[in-house]
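Chemist: heads up, no residue letters with this:
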């Protein structure tokens, strides 16, 4: 199961169930995907095909939606 948290600018932000407990978010678009840690700060954990420009945009969107992501994480994982 991978619930979508939000979609914006052609990116889908979502979680994978049954993953590690450290808060993070996955992002996917037509030409790549990545995973970002939210703790201790927002940063790229893995990148598969996103450009530097994409990564900057995604990081900015994560920071903009950080409270929403954290709320969705707690609701989905019960933590």
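Modeler: Looks like it arrived, so ask away. The structure presented is a predicted model; accordingly, all values stated were derived computationally and were not measured. Numbering: from 1, shown residues only.
Chemist: phi, psi of residue 49?
Modeler: phi 100, psi -10 (degrees, to the nearest 10).
Chemist: what's the residue nearest to it when sequence neighbours are not counted in contact with, if anything?
Modeler: Leaving aside its sequence neighbours, residue 49 sits nearest to residue 32 (Cβ to Cβ, 6 or more residues apart in numbering; 2.6 Å). Quick note: C-beta positions are derived from backbone N, CA and C, even for glycine. Contact partners of residue 32, counting by Cβ atoms under 8 Å, 6 or more residues apart in numbering, are 47-51, 54.
Chemist: Filter the residues you listed down to the ones in strands?
Modeler: When the contacts of residue 32 are checked against strands (DSSP state E), the matches are 47-48.
Chemist: Give me the buried subset of the contacts of residue 32.
Modeler: Among the contacts of residue 32, the ones that count as buried by 16 or more other Cβ atoms under 10 Å are 47, 50, 54.
Chemist: Next one: the most centrally placed residue in the chain, what pLDDT does it get?
Modeler: Nearest residue to the geometric centre of the chain (Cα atoms, centre = their mean): residue 25, 2.6 Å. Looking at residue 25, its pLDDT is 96.
Chemist: Please apply the same query to residue 19.
Modeler: On pLDDT, residue 19 comes in at 76.
Chemist: cool, the one 3 residues further on as well?
Modeler: Here, the pLDDT recorded for residue 22 equals 88.
Chemist: tell me the secondary structure for it?
Modeler: The three-state assignment at residue 22 reads coil, by DSSP: H, G, I helix; E, B strand; the rest coil.
Chemist: Check the spacing between it and residue 61 real quick.
Modeler: According to Cβ to Cβ, to the nearest Å, residue 22 and residue 61 sit 20 Å apart.
Chemist: okay, those two: which has more neighbours?
Modeler: Counting neighbours by other Cβ atoms under 10 Å for residue 22 and for residue 61 shows that residue 61 has the greater number, 19 against 10.
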